[in-house]
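**Student:** Kindly generate the corresponding structure for this input.
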Amino acid sequence: MVRTMALKALLVPVHDDGLAQAALVTTCAFAKRYACYVEGLTLDFTRPQALTVDMLGGAWMPPNHDHQQREMAASRKIFVDFMEMAGIAKAAGSVDGPSYHWHDPEVDEIGGIAGYGRAFDLTVYNRASASALSASGAHLEASLFESGRPILLAPPRQPSTIGEHVVIAWNCSTESARTVAFAMPLLEQAKQITILTIEGGVVPGPNARELARLLQVNGITAKLHDARPRGRTTGAAILEEAAAVGCDLLIKGAYTQSRLRQMIFGGATSHILVSAEIPVFMAN
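**Tutor:** Numbers count the residues shown, from 1 in each chain. Predicted coordinates for the structure are as follows:
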C-alpha cells in the first residue's frame, strides 16, 4: 500500500513571555485538524552578557544557568498545561490522534531550534515582531533559512478554522514552488483552494493557470484570483485579497527578494511576517 504524504510532526518553541498562547492555539488547531505529533522546547532568549574590564577590552559572561533552568521550567509548564487543556494526549508509543511531548535537552550543539527543526515537518512560530532586533524573529528566520523545512506563522487571534480554504500566493518563483510542494498534504485535504496573483508582484516562471493545470493532474482543483495592487504594497494586497475570499490558511514562499533588500526597502514577506491575521505556511 502506498502511503500518502503528511505533515505530522510539529515543533513548537515556547517562551514564558506572555505571548506563547497564540502559537499554541494555532498549533492545537493544526494538530487536531491533521492528527499531528507536537513537540515543545524552550525558545531561549538568553544571550551572553558583556562585562567591561577597561576602555581597551572586556570579557563575555556566560548566561546565568539558574535563570536558564527557571525559564525552561516555566516554558515547559506553559506548554504541558496548554496541551492538557486542549485535550491533546501525552505521547506514549502509538497514539491514535494528536499527541504531545516536551523536549528538555538543549539543542545549541546541533544548530539550535533551526537545526533541530530539520527532523520535523513544520515549526510553529508567533507572528514576528516589527523590531529587527527581536530574538524570536531571529529564531523564526533561522528556521526559514537553515532548517530546510517550512514554518507555520500563528496569528495573534485564534483561527476559527484552518486549512479549509487555502490560498496560494503565487508569484511564479522558486520559493513559491518549493512551498507549494511542501504544502501538498494540506492542499489534498482542503475543501477550497484559490491561487492568488498580484499584478506586478511576479517573477518570470509558470503562471497561475499553469500551476492550476498541474495541480489538477494531482487531483487538486483550484480557482484563480488575479488582483491589482491599487496603491497597496504586494504584501498588503496579498493579505487583503486572501481575507476577502475567506482564506483560513495562506501558502506563501518566503523572500523571493533577498532578506537584506527587504530589511532596507520592505517586501511582501517582511510585511506578512509582522501583519498576518491568518495562519501562514511559509518556506524559503
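**Student:** show me the contacts for residue 198.
**Tutor:** 169, 171, 227-229, 234, 237-238, 241 (Cβ atoms under 8 Å, 6 or more residues apart in numbering). Where C-beta positions appear, they are placed from N, C-alpha and C, glycine not excepted.
**Student:** what about the stretch 101-250 of the chain, any weak spots by pLDDT?
**Tutor:** Under the criterion pLDDT under 70, the flagged ranges of the stretch 101-250 of the chain are 130-135.
**Student:** again, only using 50
**Tutor:** Within the stretch 101-250 of the chain, the ranges that satisfy pLDDT under 50 run 132-133.
**Student:** where along it do the helices fall?
**Tutor:** With DSSP state H, counting those that start in this stretch as the criterion, the stretch 101-250 of the chain has helices at 112-116, 135-146, 174-182, 184-189, 208-217, 234-244.
**Student:** from the chain's centre, how far out does the longest one sit?
**Tutor:** Okay, so that is helix 135-146. 10 Å (Cα atoms, centre = their mean, to the nearest Å).
**Student:** Run through the neighbouring helices and strands of it.
**Tutor:** helix 112-116, strand 122-126, strand 151-154 (3 or more Cβ pairs under 8 Å, 6 or more residues apart in numbering; DSSP states H and E).
**Student:** who's in contact with it?
**Tutor:** By Cβ under 8 Å, 6+ apart, helix 135-146 touches 13, 15, 19, 43, 45, 47, 111-115, 117, 123, 125-126, 128-129, 131, 149, 151, 153, 254-255, 259, 273, 282-284.
**Student:** Kindly calculate the angle that it makes with strand 122-126.
**Tutor:** Angle, helix 135-146 to strand 122-126, by axes from the mean of the first three to the mean of the last three Cα atoms, to 10 degrees: 150 degrees.
**Student:** Drop anything exposed from the contacts of residue 198.
**Tutor:** Buried residues within the contacts of residue 198, defined by neighbour count using 16 or more other Cβ atoms under 10 Å: 169, 171, 227, 234, 237-238, 241.
**Student:** moving C-terminal of the top helix by length along the chain, what's the next helix or strand?
**Tutor:** Counting by DSSP state H, the longest helix found in the chain is helix 65-85. Counting by DSSP states H and E, the next helix or strand C-terminal to helix 65-85 is strand 89-90.
**Student:** partners of that following strand, with directions?
**Tutor:** strand 99-102 (parallel) (DSSP bridges).
**Student:** Check the offset of the partner strand from the chain's centre.
**Tutor:** Offset of strand 99-102 from its chain centre (Cα atoms, centre = their mean): 19 Å.
**Student:** Mind giving me the packing neighbours of the longest helix of the chain?
**Tutor:** strand 9-14, helix 20-34, strand 37-42, strand 99-102.
**Student:** so which of those is the most packed in?
**Tutor:** Highest mean neighbour count of these: strand 9-14, a mean of 25 (counted as mean count of other Cβ atoms under 10 Å).
**Student:** Now do the same contact list for residue 234.
**Tutor:** Per Cβ under 8 Å, 6+ apart, neighbours of residue 234: 198, 200-201, 267-268, 271.
**Student:** if we go to 10 Å?
**Tutor:** Going by Cβ atoms under 10 Å, 6 or more residues apart in numbering, residue 234 touches 169, 171, 198-202, 256, 266-269, 271-272.
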